[in-house]
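Engineer: Please find the sequence and the predicted model below.
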Amino acid sequence: ELGITSINKALFDVGLSTHQLDESGRGFTFRKEEPLQMTLEHDPNEAHTTARQIVNEWSEESIADIIHGFGEERFARRIAKTITEAREQTPIETTGQLADLVAHAIPKKFHARTLHPATKTFQAIRIAVNDELGALETGLAAAHQLLAPNGRIAVISFHSLEDRIVKRFFRDKKQAEEGEVLTKKPITPTPAEIMHNSRARSSKLRIFQKK
């Protein structure tokens, strides 16, 4: 839109802000009773898919697949079955309803002390609603296309699936002899940084330089 045809550097920070998660009112967090939207669209009414649609309309198999695939949740099948059985009685409309169902589906002995049992399920549904992984792939390809010779792409990711996409994209470009990966291993935060900013604990930084 600005008429820029070439760039020297592209930085992707694919984390979500506290405002988006805790203050949007769109159902990203189970700490508040909110409607199940989870969309990052500027206008939530324009969203193609919402969390409410997924939990109330998608098949049990599809729900299980996204919870397992995007959330890496071991109890995905049990959670999906619990959701589909509950919605036959009454629609699932709020974050509280969904969080309670997930917690009930996971055996109590597997409830982590520091992690709410619904964390992975909420993450998975959010990723599916917003096609976050597809957006990352599209963004990387677009940035690489605009990148000038010797230009660099740096990506900070916070999830293993995101990091895998970045790693694979950089590897493929290297194998195609289109550049070099400057980080043999991802750069991770120091203990001091994690102490200062606990949300950084899962972050990984990878860097690629175009030929």
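Structural biologist: Alright, I've got the coordinates.
Engineer: In contact with the closest residue to Asp163 other than its chain neighbours, which residues?
Structural biologist: Once flanking residues are discounted, Asp163 sits nearest to Ser157: 4.5 Å by CB to CB, 6 or more residues apart in numbering. For glycine as for every other residue, the C-beta is placed from the backbone atoms N, C-alpha and C. Residues near Ser157 by CB atoms under 8 Å, 6 or more residues apart in numbering: 12, 14-15, 163, 166, 203-204, 206.
Engineer: now swap in Ile156 and tell me
Structural biologist: Going by CB under 8 Å, 6+ apart, Ile156 touches 11-15, 203-205.
Engineer: Recalculate using a threshold of 7 Å.
Structural biologist: Counting by CB atoms under 7 Å, 6 or more residues apart in numbering, Ile156 touches 12-15, 203, 205.
Engineer: Could you verify that it is part of a strand?
Structural biologist: Yes: note on Ile156: a strand contains this position according to DSSP: H, G, I helix; E, B strand; the rest coil.
Engineer: Check the gap between it and Val102 for me.
Structural biologist: With distances taken as CB to CB, to the nearest Å, Ile156 is found 28 Å from Val102.
Engineer: now swap in Arg26 and tell me
Structural biologist: 18 Å.
Engineer: and what of Ile165?
Structural biologist: Ile165 is 26 Å from Val102, by CB to CB.
Engineer: Tell me which of the two has more neighbours.
Structural biologist: Taking neighbours as other CB atoms under 10 Å, Ile165 and Val102 compare with Val102 leading, 24 against 20.
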